[in-house]
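K.L.:
sequence first, predicted model second:
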Amino acid sequence: MQNSGGRHYNAIPGPSVIPDQVLQAMHRAGPNIYDPVQQELMDSIQRDLKAVACTRHHVAMYIANGHGVWEAAIANVLAPGDHVLVLATGRFAHGWAAMARSLGITTEVLDFGLQSTIDQTRVAEALAQDKNHRYKAVLACHVDTATSVLNDIDALRNTITKEAHPALLMVDCIASLGCDRFLMDEWGVDVMVSACQKGLMTPPGTGFVFFNDKAASVRATQKSVSSYWDWTGRANPRELYQYFGGTSPTHHLFGLRAALDLLNDEGLESVWHRHRVIARAISSAVEAWSVEGAMALNISQAAQRSNAVTAIRATAPDGTRIRDWVEQYCGITLGVGLGMAEPDDPAWHGFFRIGHMGHVNSQMINGVLGSIDAALKALDIPHGSGALEAATTQFAGLDSATSR
Ligand SMILES: *Cc1c(COP(=O)(O)O)cnc(C)c1O
């Protein structure tokens, strides 16, 4: 039997599933971009983006993917010759660091490997050694999508504060925004970057840089900032054309408005809670399978796992075999392992990831887990039993009111 009917589930960690409401909102004729209605739309989107980020400060919007807002953030507060401290827990902080280097910035990278979170002791040491305060910023990912690690940004801010270091705290929330609890102002994050195609459920194409007044004052001291990347006019536009530094991404805005409505209707606490229960259902299932050695969670400590994505280690080539099987027979595409091994290394076929960000619910995840369970049986991969039971036990807790 070959899967042919039914709806395909692209369970990769971004771009994520697009809700019908978002697709339908985009299906319309192009608007007059100078119509004052457009201003209301963009103001409402800025307001609601800030609510999702839990900030009262500023947001600048860009026609860009995540890489674009990496550059936008750097362009506003850093200049060639500046030094930054980069904290890597997977692949993406390395990408941001490479972007910084290409712009003439010197990066000191602390690498915490592929299976654990940021070690605050090492960060404190690095900051303490930086007596002349050369580091102008500390860059980190909230969630690294390759490893599925969740970093404790609140603890990181406390480390910087304890060392009395003036560096800006700059955080990549591209994978985590709208999935994992993130409190920009309460945690003292100065600059945060995100994009629309993961927890925000909109086709790739718009990105966001959130910044507070401290970051704005650093921006004010910059000798020159590319007028396109400059966040000043975008965050506080005096005319319609400034919101996006030119023509706005009209249909993305219609889609994003619908996505933010969905988030508002559900409520941010409930959204986080749903992601948490889903992540726990997946990790419970993987733990049950792992009893016979079929696979293991890449991040062993529950508190260090993201609620948006789960990275899994199997034995090569079983990761690829499982992915191929569920795609062929069940209509589910799982994510490949990213950054765990080079694609030409046979070990690469040992990894896979489940994306569970944004528009996902328990029946979709039950489908993913049931399909993987079927793959393990069909492919004769030894595995522990009770995975689905373990998952549904977690889903039975979906109606409890609180997140963490
Ligand atoms: C997806 C992702 C990126 C890259 O975003 P693009 O839109 O592909 O440029 C960067 N950082 C993290 C944590 C991501 O998950």
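P.N.:
Everything's here; your move.
K.L.:
ok, the closest residue in space to Ala294 that isn't next to it in sequence - contacts?
P.N.:
Nearest residue to Ala294, sequence neighbours excluded (Cβ to Cβ, 6 or more residues apart in numbering): His383, at 3.6 Å. In short, each C-beta sits where N, CA and C put it, glycine included. By Cβ atoms under 8 Å, 6 or more residues apart in numbering, the residues touching His383 are Trp289, Ser290, Val291, Glu292, Gly293, Ala294, Met295, Leu376.
K.L.:
quick one, helices of the stretch 201-350 of the chain?
P.N.:
213-221, 231-235, 250-266, 268-290, 318-330 (DSSP state H, counting those that start in this stretch).
K.L.:
so how far is Asn298 from Cys141?
P.N.:
15 Å (Cβ to Cβ, to the nearest Å).
K.L.:
the more surrounded of those two?
P.N.:
Set side by side, Cys141 and Asn298 show more neighbours around Cys141, with 32 against 23, by other Cβ atoms under 10 Å.
K.L.:
residues of the protein that sit close to the ligand?
P.N.:
Within the chain, the positions adjacent to the ligand are 14, 65-67, 92, 141, 144-145, 172, 174-175, 195, 204 by Cβ under 6 Å from any ligand atom.
K.L.:
filter these down to the ones in strands?
P.N.:
Cys141, Asp144, Asp172, Ala195 (DSSP state E).
K.L.:
correct me if wrong: the second one contacts Thr89.
P.N.:
What that stands for is Asp144. Yes - assessed by Cβ atoms under 8 Å, Asp144 is found in contact with Thr89 at 4.9 Å.
K.L.:
overlap of the contact sets of these two?
P.N.:
Counting by Cβ under 8 Å, 6+ apart, the contacts common to Asp144 and Thr89 are Asn151.
K.L.:
now do the contacts for the closest residue to Arg134 other than its chain neighbours.
P.N.:
Closest residue to Arg134 apart from its sequence neighbours, by Cβ to Cβ, 6+ apart: His83 at 4.5 Å. For His83, the contact set (Cβ under 8 Å, 6+ apart) comprises Ile105, Thr106, Thr107, Glu108, Arg134, Tyr135, Lys136.
K.L.:
beta-bridge partners for His83, please?
P.N.:
Thr106, Tyr135 (DSSP bridges).
K.L.:
so for it, what's the pLDDT?
P.N.:
With respect to pLDDT, His83 scores 98.
K.L.:
and for Ser403?
P.N.:
Ser403 carries a pLDDT value of 44.
K.L.:
hmm, His165 is touching His133, no?
P.N.:
Yes - using Cβ under 8 Å, His165 makes contact with His133 at a distance of 6.4 Å.
K.L.:
neighbour-wise, which of these two wins?
P.N.:
His165 (20 against 13).
K.L.:
name the SS class of the residue nearest to that one when sequence neighbours are not counted, please.
P.N.:
Distances taken as Cβ to Cβ, 6+ apart put Leu127 closest to His165, at 4.6 Å, once the chain neighbours are dropped. State at Leu127, reduced to three classes by DSSP: H, G, I helix; E, B strand; the rest coil: helix.
K.L.:
quick one: Tyr62 and Ser248, what's the gap?
P.N.:
11 Å.
K.L.:
neighbour-wise, which of the two wins?
P.N.:
Set Tyr62 next to Ser248 and count neighbours by other Cβ under 10 Å: Tyr62 wins out with 24 against 20.
K.L.:
re the thing from before, next, give me the two most distant ones among the ones in strands among the residues of the chain next to the ligand.
P.N.:
Within those, two members stand farthest from each other by Cβ to Cβ: Asp144 and Ala195, at 15.0 Å.
K.L.:
run through who's touching stretch 207-224.
P.N.:
Here stretch 207-224 has contacts from 49-50, 53, 55, 57-66, 68-69, 72-73, 76-77, 79, 136, 168, 184-185, 189-196, 225, 231-232, 235, using Cβ under 8 Å, 6+ apart.
K.L.:
filter the residues you listed down to just the ones in strands.
P.N.:
Per DSSP E, these map to strands at 58-63, 136, 168, 191-195.
K.L.:
in the stretch 251-400 of the chain, which residue sits nearest the ligand?
P.N.:
Nearest residue of the stretch 251-400 of the chain to the ligand: Val309, at 7.8 Å (Cβ to the nearest ligand atom).
K.L.:
ok, that residue - contacts?
P.N.:
If you count contacts by Cβ under 8 Å, 6+ apart, Val309 has them with Pro13, Val143, Thr145, Ser148, Ala175, Gly335, Arg353, Ile354, Gly355, His356, Met357.
K.L.:
could you redo the last one with a cut-off of 7 Å?
P.N.:
By Cβ atoms under 7 Å, 6 or more residues apart in numbering, the contact set of Val309 is Pro13, Val143, Thr145, Ser148, Ala175, Arg353, Ile354, Gly355, His356, Met357.
K.L.:
what's the nearest residue to it if we skip its chain neighbours?
P.N.:
Nearest in space to Val309, with sequence neighbours left out and distances taken as Cβ to Cβ, 6+ apart, is Pro13 at 4.0 Å.
K.L.:
gap between whichever residue of the chain sits closest to the ligand and Ala53?
P.N.:
Here the residue of the chain nearest the ligand is Gly66; by Cβ to the nearest ligand atom that distance is 2.3 Å. Applying Cβ to Cβ, the value for Gly66 to Ala53 is 15 Å.
K.L.:
now do Leu262
P.N.:
Counting by Cβ to Cβ - Leu262 and Ala53 are separated by 17 Å.
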